[in-house]
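Fold the following, please.
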Amino acid sequence: MLEALEVSGVATFQDLGRSGYQQYGLPVSGALDWFAYQIVNRLLHNSQNAVVLEIGLGEIVLQAKRDCALAVTGAGFEVQNYVWTFPLWTSFYVRAGWTVRIKKIGGGNWAYLGIAGGFKTPQVLGSASAYLRGGMGRLIQAGDILESGTPSAELSKLVARNFAPQAAMPYSQTPTLGVIPGPQRARFNHTFFETEYTVSQSFDRMGYRLAGPAVQALDQTELISEGMTTGSIQITPQGQPIVMLADAPTTGGYPKIANVITADLPILAQCEAGISRIRFKEVSLEEAQAKYKALAQTAAKPC
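Predicted coordinates:
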């Protein structure tokens, strides 16, 4: 059990998401960095869908109300536990009364705090993932008590575990992200694949608006709204790309030039506004599937 003492930025409960309701206009939601989410639960031997705290664009300070085991993954943060500082991707012991600060230091956007046993919070349509635009869940605020479930083992057996993400998930501020062609790829020239973009200041869990040279449309015909998926890259009438993420709407009317492959979505999620320099390259569907399968297998292995 933890108490939130200070909260800045965006802190919400997230799990694997709310699947099966996109036909009703409800996004999947879930963790933006799905790889960091899965590893934080593996470090603590939690279930695959255990609820974690997603912390973005700010910091959080918590106090343990009883002894517990915690782990933090992601990019751009460090952990201060009582008098010690821990790197990310590590599980550690917290004694009742100790204070833990998840501190923003740069180099990423989102951190994932897991607790042995997972957090206990009400579910809506089979998921605890907050979807704020839809009124599901809410922001964590100072004074909130964050309840936890029963750990799968003694706390001493769940701490001092670590995972090195670099080999599996090469977080970078200068990434080249794989994409597969979108249904309206033929409408555009090659600018999108030949230029460099940065994340604009207009970004959130719904999507990242990118800034760079305008993509020229060869066909100006308006579209009827059609389905979208996580990773869909729409091109606005001004020629700027928007990459849809976890809380993206299920339909949209802007043409889609490409779709970021699932394996590279965590890298994009951790790209910082105004700092990162992003490029895109086309890959085959087979390459995208193979890369995701390898990552999923890595994330499923016990830490």
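
Contacts for the top helix by length along the chain next, please.
If you go by DSSP state H, the chain has its longest helix at helix 285-300. For helix 285-300, contacts defined as Cβ atoms under 8 Å, 6 or more residues apart in numbering pick out 35, 38-39, 42, 168-169, 178, 180, 261-264, 283. The way it works is simple: take the backbone N, C-alpha and C, and place the C-beta from them, glycine included.

change it to 6 Å
35, 38, 168, 180, 261-263 (Cβ atoms under 6 Å, 6 or more residues apart in numbering).

Going through those residues, which one is the model least confident about?
Ranked by pLDDT, the contacts of helix 285-300 bottom out at residue 168, which scores 90.

which one is that one nearest to, not counting chain neighbours?
Of all residues not flanking residue 168 in the chain, residue 298 sits nearest, at 4.7 Å (Cβ to Cβ, 6 or more residues apart in numbering).

Correct me if wrong: residue 43 contacts residue 90.
No. Counting by Cβ atoms under 6 Å, residue 90 is not a contact partner of residue 43; they are 7.4 Å apart.

which of those two has more neighbours?
For the pair residue 43 and residue 90, the greater number of neighbours falls to residue 43 (26 against 19), based on other Cβ atoms under 10 Å.

That one: what's it in contact with?
Contacts for residue 43 (Cβ under 6 Å, 6+ apart) come out as 71, 91, 161, 303.

Give the phi and psi angles for it, as a check.
Dihedral pair for residue 43: phi -60, psi -30, per degrees, to the nearest 10.

list the buried ones in stretch 174-187?
For stretch 174-187, burial by neighbour count (16 or more other Cβ atoms under 10 Å) applies to 175, 177-180, 182, 184-185, 187.

where in the stretch 1-150 of the chain is pLDDT low?
Under the criterion pLDDT under 70, no range of the stretch 1-150 of the chain is flagged.

quick one: the strands in it?
Counting by DSSP state E, counting those that start in this stretch, the segments of the stretch 1-150 of the chain that form strands are 2-7, 10-14, 52-56, 60-64, 68-74, 77-81, 84-86, 90-94, 99-104, 110-115, 145-146.

So which of the ones you listed is nearest residue 132?
Nearest of those to residue 132, taken as Cβ to Cβ: strand 10-14 at 7.3 Å.

can you give me the helices for the stretch 201-303 of the chain?
265-269, 285-300 (DSSP state H, counting those that start in this stretch).

Residue 139 is nearest to which of the ones you listed?
helix 265-269 (18.5 Å).

who's in contact with the residue lying closest to residue 12 once chain neighbours are set aside?
Distances taken as Cβ to Cβ, 6+ apart put residue 130 closest to residue 12, at 3.8 Å, once the chain neighbours are dropped. Counting by Cβ under 6 Å, 6+ apart, residue 130 makes contact with 12-13, 137.

Could you do residue 207 as well?
Residues counted as contacts of residue 207 (Cβ under 6 Å, 6+ apart) are 242-245, 248.
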